[in-house]
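Asker: from the sequence below, what's the structure:
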Amino acid sequence: MTVEQLIPLMIMAFALGMDAFSVSLGMGMMRLKIRQILYIGMTIGIFHIIMPFIGMILGRFLSERFGHIANVSGAILLIGLGFYIVYSSILENDETRSTPAGIGLFIFAFGVSIDSFSVGLSLGIYGAQMIITILLFGLISMLLAWIGLLIGRHAKGMLGTYGEVIGGIILVGFGVCLLFPI
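Answerer: This is a model prediction of the structure:
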């Protein structure tokens with residue numbers, strides 16, 4: 001994989017991880033223990049590996065069956081997802097967030113990684129390299145979740161909504177680039 005291929009994947013992984021960062025920032029304000037922070041970050045990272053993996057497999061299947069229609073659909077999916085993230089981050093109520101534990105942690109991690117399924121679907125349609133992609137998504141999301149949780153322990157509401165908005169805008173930009181290649 002070349003640097004030219006790796007950089008867009010890293011930016012996309014960062015954009016997806018901003019959702020986890022933003023939610024973790026708010027959750028970190030609940031004064032979590034370091035052990036809880038480690039578990040939450042690792043679980044988010046694992047889900048950011050599993051979800052795009054499933055999406056990429058499905059995306060490759062769709063690409064083989066439907067060709068160009070699948071390519072356009074993948075780009076539109078990224079654009080729609082980006083707009084949805086921006087929209088929902090502005091309307092979301094921070095007070096409804098609670099500390100995830102047990103099955104709640106899995107539901108929480110699934111919720112913040114569902115967007116990576118859609119991105120994985122789009123990348124599968126375009127034939128991105130699977131192993132590098134899903135490992136980048138997982139690692140960067142885990143690191144951003146840890147950073148968000150740790151910053152949240154020390155700060156009150158610094159980047160929450162803005163981080164999600166930035167992530168959404170990046171996804172819209174990638175969708176537009178896929179729809180209208182330069």
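
Asker: poorly predicted segments of this protein, please.
Answerer: Applying pLDDT under 70 to the chain flags the ranges 26, 31, 67-68, 70-71, 74, 92-100, 155-161, 163-164, 167, 182.

Asker: which other helices and strands does whichever helix or strand Thr133 is part of contact?
Answerer: In the assignment (DSSP states H and E), Thr133 maps to helix 130-154. Helices and strands touching helix 130-154, as assessed by 3 or more CB pairs under 8 Å, 6 or more residues apart in numbering; DSSP states H and E, comprise helix 3-28, helix 34-66, helix 103-126. All C-beta spots, glycine's among them, are computed from the backbone N, C-alpha and C.

Asker: tell me which of those sits nearest to Ile132.
Answerer: Distance to Ile132, taken as CB to CB, is lowest for helix 3-28 among the helices and strands packed on helix 130-154, at 6.9 Å.

Asker: how far does the closest one sit from its chain's centre?
Answerer: In terms of CA atoms, centre = their mean, to the nearest Å, the centre of helix 3-28 is found 6 Å from the chain centre.

Asker: tell me what that helix is packed against?
Answerer: Against helix 3-28 (3+ CB pairs under 8 Å, 6+ apart) you get helix 34-66, helix 68-91, helix 103-126, helix 130-154, helix 160-179.

Asker: please redo it, this time with the cut-off set to 6 Å
Answerer: helix 103-126, helix 130-154, helix 160-179 (3 or more CB pairs under 6 Å, 6 or more residues apart in numbering; DSSP states H and E).

Asker: okay, those in a markdown table with distance to Gly28 and mean neighbour count next?
Answerer: Supplementary listing: the helices and strands packed on helix 3-28 in a markdown table, determined by distance: least, CB to CB, whole Å; neighbours: other CB atoms under 10 Å:
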| stretch | distance to Gly28 | mean neighbour count |
| --- | --- | --- |
| helix 103-126 | 13 | 21 |
| helix 130-154 | 2 | 21 |
| helix 160-179 | 10 | 20 |
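
Asker: out of these, which is closest to Met42?
Answerer: helix 130-154 (6.1 Å).

Asker: re the thing from before, closest one to Ile76 among the helices and strands packed on helix 130-154?
Answerer: helix 103-126 (9.1 Å).

Asker: next one: the closest one to chain centre, how far?
Answerer: On CA atoms, centre = their mean, the centre of helix 103-126 falls 7 Å from the chain's centre.

Asker: who's in contact with it?
Answerer: Outside helix 103-126, the residues within contact range by CB atoms under 6 Å, 6 or more residues apart in numbering are 16, 19-20, 23, 43-44, 47-48, 51-52, 55-56, 58-60, 63, 70-71, 74, 77-78, 81, 100, 133, 137.

Asker: again, only this time at 7 Å
Answerer: 12, 16, 19-20, 23, 39-40, 43-44, 47-48, 51-60, 62-63, 70-71, 74-75, 77-78, 81, 85, 100, 133, 137, 178 (CB atoms under 7 Å, 6 or more residues apart in numbering).
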